[in-house]
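**Q** After the sequence you'll find the predicted model.
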Amino acid sequence: MKNILITGGAGFIGCHVVKLFVEKYPNYHIINLDLLTYAGNLENLSAIEHSENYTFIKGDICDRGLIKEIFKKYAIEAVIHLAAESHVDRSITNPFEFANTNIMGTLTLLNQAKESWKNNFEDKLFYHISTDEVFGSLGDEGFFLEDTPYDPKSPYSASKASSDHFVRAYQNTYGLPAIITNCSNNYGPNQFPEKLIPLFINNIKNNKPLPVYGEGLNIRDWLFVEDHARAIDVVFHKGTIGDTYNIGGFNEWKNIDLIKVICKVMDTKLGREEGTSEKLITYVTDRAGHDMRYAIDSTKLKDNLGWEPSLQFEEGIEKTISWYLDNEAWLHNIVTGDYKDYYKKQYAAD
């Protein structure tokens with residue numbers, strides 16, 4: 001049985017990766033380490049929490065003693081590192097928290113992997129999941145490639161860029177077997193409703209304003225979260241050590257156009273007159289240092305490893321909206337904070 005440590009596995013992307021690996025690979029023992037900060041939600045993993053090949057540990061990736069204990073107790077052979085502070089607005093308010101988790105947490109994991117595996121790097125892997133935001137902002141044309149120079153613009157992207165550099169430094173200096181992927185914006189089920197799509201779904205349902213930064217002209221490339229999980233699976237098993245892969249949806253949307261699609265689908269599903277939800281759009285002061293355009297070229301991943309996204313945005317957003325409307329209890333628990341009690345109930349925590 002291969003012992004794999006997945007960090008941040010109770011978060012949005014992490015929970016989909018954990019579920020995929022636990023269900024698809026019964027011969028893998030998945031150890032999920034998550035601190036269960038505001039965005040970590042064990043309800044996301046209720047379907048697999050009693051699986052024999054799954055173990056959950058509540059803990060901090062910055063806790064060197066804990067990380068050392070986990071590597072020793074479970075004989076960790078691979079790490080899929082997803083744990084991160086990821087919300088740009090929060091990073092502007094509290095950059096130190098992002099530096100601590102995203103940089104020092106990654107460094108703690110890297111160093112323990114080096115120490116635990118130093119006598120035998122064979123069949124070991126440190127897989128670091130990053131973001132397209134480390135590349136900065138694009139003009140009207142062009143795409144981020146794997147060798148695009150880093151140019152982070154926010155405290156969040158700066159912290160992720162630094163963590164990427166540390167991964168490459170450990171690869172080059174110590175020979176640590178590592179792979180990095182940089183992914184575009186994810187959307188789909190289980191996303192914490194501070195992010196644009198679930199926030200707007202919830203606000204439309206409750207007839208609340210839809211706050212749009214600036215004129216809503218910023219462009220993002222969107223990827224359905226389950227497609228990202230599949231990409232991580234492919235890279236983990238087939239990727240080349242020391243390589244970097246971009247993961248994108250080839251799905252560019254201006255924020256305002258994306259929001260109007262959400263409004264239209266919500267009006268249909270809620271039985272409202274078309275145009276009702278668009279009246280909730282409210283333009284607000286733009287975010288400081290707001291990057292204008294992100295666009296990922298994931299041709300390398302397609303050509304080398306055979307992965308490509310399965311859903312285009314229109315299909316994916318309808319699937320996403322249906323999930324949120326069908327899972328009102330999940331959303332209610334998030335909004336009220338009741339989701340935090342799940343760990344206490346399920347794991348008899350103090």
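**A** All right, it came through fine. Quantities reported herein were computed from a predicted structural model and do not represent experimental measurements.
**Q** so how far is Ser298 from Thr101?
**A** Counting by Cβ to Cβ, to the nearest Å, the gap from Thr101 to Ser298 is 27 Å. All C-beta atoms are positioned from the backbone trio N, CA, C, and that covers glycine.
**Q** Please apply the same query to Leu311.
**A** Distance from Leu311 to Ser298, by Cβ to Cβ: 14 Å.
**Q** Looking at these two, which has the bigger crowd around it?
**A** The residue with more neighbours, out of Leu311 and Ser298, is Ser298; 27 against 19, by other Cβ atoms under 10 Å.
**Q** ok, the residue nearest to that one when sequence neighbours are not counted - contacts?
**A** Among residues not flanking Ser298 along the chain, Gly248 sits closest, at 4.3 Å (Cβ to Cβ, 6 or more residues apart in numbering). Residues in contact with Gly248 (Cβ atoms under 8 Å, 6 or more residues apart in numbering) are 132, 143-144, 183-184, 221, 223, 295-298, 309.
**Q** secondary structure element for the nearest residue to Asn185 once chain neighbours are set aside?
**A** With sequence-adjacent residues excluded and distances taken as Cβ to Cβ, 6+ apart, Asn185 is closest to Arg220, at 4.7 Å. Here Arg220 sits within strand 219-224, counting by DSSP states H and E.
**Q** that older thread, what score does the residue nearest to Ser298 have for pLDDT?
**A** Listed pLDDT for Gly248 reads 93.
**Q** Ok, the one 4 residues further on next?
**A** The model reports Glu252 with a pLDDT of 87.
**Q** Can you tell me who it pairs with across the strands?
**A** Glu252 has the following beta-bridge partners by DSSP bridges: Asp221.
**Q** And for it, the neighbour number?
**A** Using other Cβ under 10 Å, Glu252 has 20 other residues around it.
**Q** What is the burial count for the residue nearest to Ile241 when sequence neighbours are not counted?
**A** Leaving aside its chain neighbours, Ile241 sits nearest to Pro177 (4.6 Å; criterion: Cβ to Cβ, 6+ apart). Around Pro177 there are 18 other residues, counting by other Cβ under 10 Å.
**Q** Could you verify my assumption that Pro177 touches Phe126?
**A** Yes - here Pro177 reaches Phe126: they are 6.6 Å apart, a contact under Cβ atoms under 8 Å.
**Q** Name the residues contacting each of the two.
**A** In contact with both Pro177 and Phe126: no residue, using Cβ under 8 Å, 6+ apart.
**Q** what's Tyr339 in contact with, if anything?
**A** Contacts of Tyr339 (Cβ under 8 Å, 6+ apart): 41, 43, 330, 333.
**Q** mind redoing it with 10 Å?
**A** Each residue near Tyr339 by Cβ atoms under 10 Å, 6 or more residues apart in numbering is listed here: 36, 38, 40-44, 192, 330-333.
**Q** Kindly report the same for Lys254.
**A** Here Lys254 is in contact with 215-220, 260, 293 (Cβ under 10 Å, 6+ apart).
**Q** quick one: which of those is nearest to Asp89?
**A** Asp89 lies nearest to Asn218 out of these, by Cβ to Cβ, at 13.6 Å.
**Q** Could I get the contacting residues of the nearest residue to that closest one once chain neighbours are set aside?
**A** Spatial nearest neighbour of Asn218, excluding adjacent residues (Cβ to Cβ, 6+ apart): Asn255 at 5.1 Å. Applying Cβ under 10 Å, 6+ apart to Asn255 gives the contacts 196, 212-220.
**Q** With pLDDT, distance to Asp338 and neighbour count added, can I get the residues you listed in JSON lines?
**A** Shown next, in JSON lines, are those (pLDDT from 0 to 100; distance: Cβ to Cβ, whole Å; neighbours: other Cβ atoms under 10 Å):
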{"residue": "Leu196", "pLDDT": "86", "distance to Asp338": "23", "neighbour count": "21"}
{"residue": "Val212", "pLDDT": "89", "distance to Asp338": "29", "neighbour count": "19"}
{"residue": "Tyr213", "pLDDT": "87", "distance to Asp338": "30", "neighbour count": "17"}
{"residue": "Gly214", "pLDDT": "84", "distance to Asp338": "34", "neighbour count": "15"}
{"residue": "Glu215", "pLDDT": "84", "distance to Asp338": "37", "neighbour count": "11"}
{"residue": "Gly216", "pLDDT": "87", "distance to Asp338": "33", "neighbour count": "17"}
{"residue": "Leu217", "pLDDT": "83", "distance to Asp338": "37", "neighbour count": "14"}
{"residue": "Asn218", "pLDDT": "86", "distance to Asp338": "33", "neighbour count": "20"}
{"residue": "Ile219", "pLDDT": "88", "distance to Asp338": "36", "neighbour count": "18"}
{"residue": "Arg220", "pLDDT": "86", "distance to Asp338": "31", "neighbour count": "23"}
